[in-house]
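Chemist: Sequence first, predicted coordinates after that:
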2 protein chains.
Amino acid sequence: MTGRFPSPPSSDRVRPDVAVVGAGPIGLSIAWRCATRGLRVVVHDPAPGSGASAVAAGMLSPVAEAYFGERQLTELLLASAARWPGFAAELTEVTGVEIGYRTEGTLMVGLTGDDLAEARRLWAYQQGLGLPVTPLRPSELRDHEPALAPRVRGGALAPTDHQVDPRLLVPALRVAAQQAGAVLVPRPVQRLSDVDARVTVVAAGCGAAALTGLPVRPVKGQILRLRAPDGVAPGFRHVIRGYADGEPVYLVPRADGEVVLGATVEERSDTTVTAGAVQRLLRAGVDLLPELAEYDLVEAVAGLRPGTPDNAPILGPLPGRPDVLAATGHHRHGIVLAPITADLIADLVLGGGPDPLLTPLRPERFSARTPGGSSDRSTEGDQWS
Amino acid sequence: MTGRFPSPPSSDRVRPDVAVVGAGPIGLSIAWRCATRGLRVVVHDPAPGSGASAVAAGMLSPVAEAYFGERQLTELLLASAARWPGFAAELTEVTGVEIGYRTEGTLMVGLTGDDLAEARRLWAYQQGLGLPVTPLRPSELRDHEPALAPRVRGGALAPTDHQVDPRLLVPALRVAAQQAGAVLVPRPVQRLSDVDARVTVVAAGCGAAALTGLPVRPVKGQILRLRAPDGVAPGFRHVIRGYADGEPVYLVPRADGEVVLGATVEERSDTTVTAGAVQRLLRAGVDLLPELAEYDLVEAVAGLRPGTPDNAPILGPLPGRPDVLAATGHHRHGIVLAPITADLIADLVLGGGPDPLLTPLRPERFSARTPGGSSDRSTEGDQWS
């Protein structure tokens, strides 16, 4: 065990206030926020940061990801993205760790006429919500990113959609949580009854299904990491999202030359990398940004996002178990939702009145399908999928 | 040091008859053949089998690779391929190691009409040489390999073009050479003067350029390894070579589910794997065999073939240095040419009259450009490329 409790001085045998199951970005953010507010925190995870976040691109994109029929989720994403500048600044300040937070904004593009028509429907919806989406003329698009393929038919700018590097973020959160007094226990949790704490927070991603019976299912994503040759920075600065001959794809440039190219969304629970997915991602990426063809392909990897029936996370006490809080089901949004999830859960632990934001996210919205909502069920989430 | 000399019993300090520089398939085959003929053999290599052979697909394809303007090379490839059945049988018999030697033959195909026209020109040339190439009607092609894409326009069978697995072959050759008495020294050779033996054989692949001054240059090849899902064998048995929208590509199925998909031919000396090459190989492979899209992509790797100005290997004594034999420059043909290279070099070491096959392969064919042909030069081969 590492870390320390702020008070009492030697308290390893004192019952923790909070036990967090899962040391991904959600669990560690909760642990950090709880510990800085004076709570005794233990985090259980045999392999911190080894889940979906190790594969994630780290886009903070509430605007570009404002999809039809997900209005409440969009509000949550916007509220969390608004907390990101302060969250990132504080995290870097207390840890001294650079987390790759970048604010150049996101370009949304369509390769063909059909792609552009599809994209424009979405941009109109996003503008209708009052979100900052600025359609660009082709010449303006090239001014923003000269490296885009001449074939790209059109685009729009979402200047407030930013990015962070999840592989830098998670170690920084771990340092911050431990500095604040949280204790990391590198042991898996098989049953909630194995955990002894006043409040248990289940932030175990896909693992939450077996621990709680909640309808969390794995959603496979395959992703590539490329690297600009000769160690230079990529020839583009914005996150680029778009459709390329019907294939949705994104490109996230990092300052060190890395480009993340993703991602598939598959209703599967394996983590194999398939030839067809790699081919489609590369084709779409190279079609949008031809210079990628000369980049090194350094990694091809698959991960499992914790999906839910309504694509929104599950936050709050399990029905009939006020001592067990769910913080899972973040699907493709775990990174952007880390700050608000941490704040909302810390408020709940400290007994504050529940934030109205939580109302549509509470576990009981699935209660019709989880009679009793009892914990410690080993039910798989598949039955709800 | 491992291994032993057949006689005298304790002879570590006896001057070897042969020092082989390089423990790839060429060097090890030479060492095996020389040792079985009673010679004291030492092989120098800090990393046996780590060169081009670790990347090679292992096709034994003198027919499919009989190209315009390479008639002498074709004769050599045919002569060596004819020795492969006996070579493989003997190697497996003396070592007990399975080397993946398969004799289902090779299907040559064209995806589009243009691809087929290009392929038919080559098949006509190969048939004109009297080689066994049988054009197939589309229905016959599907009878041979039902997994081929319906789009594939046509094909031909080269029944005598076989395959072996280089990653099994090299360890088997190492065992065979050591069992026969060869001693492996895991030390690099920087200069030929570091080697003390009656005859030195330079079988160092691309490394031969710096050791001998011969015009051997690196020719980069990128290659992929896929694996059929669920551990089953691939859905095709023949080696498949073809053109897919102008992209030359081959697919080599192994019994254990592996499929080797290759390969680029690039005048470069780096070993990075690039996004564009992977995309083109996968696209061509999936276009020919759609089931590959569902295969796991398990490896993407690049290697450097030892190329020569006329694409033929360089075999025989360096000009003015009868004690130094070159056995390098095998380019894309190192695996198929291993048996004949080993026999020809062993004959030379034992002082037999030079085989007429060697005449066009001797180092002095480049002497106009290597005045003096002296060894121990650190000249790069690039000046001839």
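Modeler: Received it, and whenever you're ready, just let me know what you need.
Chemist: how about A:Leu224, phi and psi?
Modeler: Phi and psi for A:Leu224, reported as degrees, to the nearest 10, are phi -120, psi 150.
Chemist: swap in A:Leu214?
Modeler: phi -70, psi 150.
Chemist: quick one: it and A:Ser367 touch, right?
Modeler: No. Judged on Cβ atoms under 8 Å, A:Leu214 makes no contact with A:Ser367 at a distance of 10.3 Å. C-beta here means a position set from N, CA and C on the backbone, and glycine is covered the same way.
Chemist: Looking at these two, which is more packed in?
Modeler: The neighbour comparison of A:Leu214 against A:Ser367 (other Cβ atoms under 10 Å in any protein chain shown) goes to A:Leu214, with 27 against 14.
Chemist: what residues are up against A:Thr95?
Modeler: Residues near A:Thr95 by Cβ atoms under 8 Å, 6 or more residues apart in numbering or on different chains: A:172, A:175-176, A:179.
Chemist: Could you export those residues as CSV, including pLDDT?
Modeler: Listed next are the contacts of A:Thr95 as CSV, based on pLDDT from 0 to 100:
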residue, pLDDT
A:Ala172, 98
A:Val175, 98
A:Ala176, 98
A:Gln179, 98
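Chemist: Helices - which of those residues land there?
Modeler: If you go by DSSP state H, the contacts of A:Thr95 have A:172, A:175-176, A:179 in helices.
Chemist: Can I get the residues you listed in a markdown table including neighbour count and distance to B:Leu168?
Modeler: As requested, the ones in helices among the contacts of A:Thr95 are exported to a markdown table (neighbours: other Cβ atoms under 10 Å in any protein chain shown; distance: Cβ to Cβ, whole Å):
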| residue | neighbour count | distance to B:Leu168 |
| --- | --- | --- |
| A:Ala172 | 24 | 46 |
| A:Val175 | 17 | 47 |
| A:Ala176 | 24 | 50 |
| A:Gln179 | 15 | 52 |
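Chemist: doesn't A:Gly285 make contact with A:Asp245?
Modeler: No. Under the criterion of Cβ under 8 Å, A:Asp245 is not in contact with A:Gly285, lying 11.9 Å apart.
Chemist: Between these two, point out the one with more neighbours.
Modeler: Taking other Cβ under 10 Å, A:Asp245 and A:Gly285 do not tie; A:Gly285 has more neighbours (27 against 13).
Chemist: what residues are up against that one?
Modeler: Contacts of A:Gly285 by Cβ under 8 Å, 6+ apart are A:224, A:226, A:244, A:249, A:251, A:261, A:292, B:275.
Chemist: quick one: strands adjacent to the helix or strand containing the fourth one?
Modeler: Per DSSP states H and E: A:Val249 is located in strand A:247-253. Here strand A:247-253 has these sheet partners by DSSP bridges: strand A:239-244 (antiparallel), strand A:258-262 (antiparallel).
Chemist: closest point of the stretch 101-250 of chain A to chain B, which residue?
Modeler: Closest residue of the stretch 101-250 of chain A to chain B, Cβ to the nearest Cβ: A:Leu226 (5.3 Å).
Chemist: Could you pull up phi and psi at that residue?
Modeler: According to degrees, to the nearest 10, A:Leu226 has phi -110, psi 170.
Chemist: Tell me the confidence at the closest residue to A:Pro186 other than its chain neighbours?
Modeler: Closest residue to A:Pro186 apart from its sequence neighbours, by Cβ to Cβ, 6 or more residues apart in numbering or on different chains: A:Pro46 at 5.2 Å. Per-residue pLDDT puts A:Pro46 at 96.
Chemist: Equivalent analysis for A:Ala35, please.
Modeler: With respect to pLDDT, A:Ala35 has a value of 98.
Chemist: Provide a list of residues in contact with the residue lying closest to it once chain neighbours are set aside.
Modeler: Counting by Cβ to Cβ, 6+ apart, A:Ala35 lies nearest to A:Ala180, which is 3.6 Å off, once chain neighbours are set aside. By Cβ under 8 Å, 6+ apart, A:Ala180 lies in contact with A:6, A:32, A:35-36, A:41.
Chemist: Give me the buried subset of those.
Modeler: A:32, A:35-36, A:41 (16 or more other Cβ atoms under 10 Å in any protein chain shown).
Chemist: nearest to chain B, of those?
Modeler: So of the buried ones among the contacts of A:Ala180, ranked by how close each gets to chain B (Cβ to the nearest Cβ), first place is A:Trp32, at 36.6 Å.
Chemist: got CSV for the contacts of A:Ala180, with secondary structure too?
Modeler: Listed next are the contacts of A:Ala180 as CSV, based on DSSP: H, G, I helix; E, B strand; the rest coil:
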residue, secondary structure
A:Pro6, coil
A:Trp32, helix
A:Ala35, helix
A:Thr36, helix
A:Val41, strand
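Chemist: and the two most separated of the residues you listed?
Modeler: By the measure Cβ to Cβ, A:Pro6 and A:Trp32 form the most distant pair in the contacts of A:Ala180, at 13.3 Å.
Chemist: Out of the strands paired with strand A:247-253, flag the one nearest B:Ser61.
Modeler: That would be strand A:258-262 among the strands paired with strand A:247-253, by Cβ to Cβ, at 34.7 Å.
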